[in-house]
Each structure stands twice: as structure tokens, then as C-alpha cells.
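Visitor: Any chance you can model this:
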Amino acid sequence: MKYMFLIYTPEGNETQMTPAEREAMLAEYFAFTQEAMAQNVFVAGDELKPTTAATTLRLRGNQFATTDGPFAETKEQLGGFYILECPDIDAAVGWAAKIPGAKHGSIEVRPIVNFG
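Guide: Here you go, the predicted model:
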């Protein structure tokens, strides 16, 4: 089964990092990605642009409205994601614990519906 791993971290943390700290954090993510690839569970994953680049759409009847920024105000913002193929939720949670963002944010693990 495919699982989506939504990585929520405080967006301001990265802007306060030194270049060396950002490089170290990225190295952790690259290592996680390489491990997932080596174990043949990796499907996809990417970092997202900051919430300032987001647009939220709301459709009510025939009317829609767009808002700059994320849907809700929170302390943690969606910063990236992975999609991994895991045999069950226990394996998925095990992988989530390895994602570097879990150290200072949260990882939402959600099964993906297979329509095919």
C-alpha cells in the first residue's frame, strides 16, 4: 500500500539556519531518500516552496475564491512530502520516524486510496 508522509515543521526555523545547518539538514533528508530508494519503498518526494508561494482555493456552489497563503494558520507548515510503498501502517510509521522533520515538527502518515 502507498502511504503519503506529510512533513510539517515551523517554516521560520529554516530562515534562522546558517548555511552549514541547512546543508546538514538537507544531508539528513538525502540520506533518508537514499535509504528509502535502496529498500525499494520510495515512490516520490519533494520539498515545497514556502507558504508565501501558496494559493488556497475554496469552491462554494458556483463561486470560487482564492486566498494567498496556506489554508489555516498553524505553528507548523507543510514543507514537503514523501510517498512510500509500505506493507502496512506499522512499517509506514517506522519510516516516518526516520524522516528528519520528525525531530522538530510532525509527520502525518496517510494511506493513499488506490482507484486502479
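
Visitor: Pull up the distance across stretch 109-116, start to finish.
Guide: 21 Å (CA to CA, to the nearest Å).

Visitor: what sits up against that stretch?
Guide: 1-6, 83, 89, 92-93, 96 (CB atoms under 8 Å, 6 or more residues apart in numbering). Backbone N, C-alpha and C define where each C-beta goes, glycine included.

Visitor: mean confidence score for that stretch?
Guide: Stretch 109-116 comes out with an average pLDDT of 89.

Visitor: Can you show me the helices along the chain?
Guide: 12-15, 19-38, 89-96 (DSSP state H).

Visitor: winner for burial among those helices?
Guide: helix 89-96 (a mean of 16; mean count of other CB atoms under 10 Å).

Visitor: quick revisit: for Leu48, state which of the contacts of stretch 109-116 is nearest.
Guide: Leu6 (9.9 Å; CB to CB).

Visitor: In space, what's closest to that closest one - neighbours in sequence excluded?
Guide: Distances taken as CB to CB, 6 or more residues apart in numbering place Glu108 nearest to Leu6, at 4.1 Å, with adjacent residues excluded.

Visitor: Identify the residues contacting that neighbour.
Guide: 4-6, 8.

Visitor: Let's have those residues in a markdown table, adding neighbour count and pLDDT.
Guide: Below are these laid out as a markdown table (neighbours: other CB atoms under 10 Å; pLDDT from 0 to 100):
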| residue | neighbour count | pLDDT |
| --- | --- | --- |
| Met4 | 17 | 97 |
| Phe5 | 24 | 96 |
| Leu6 | 17 | 95 |
| Tyr8 | 18 | 91 |
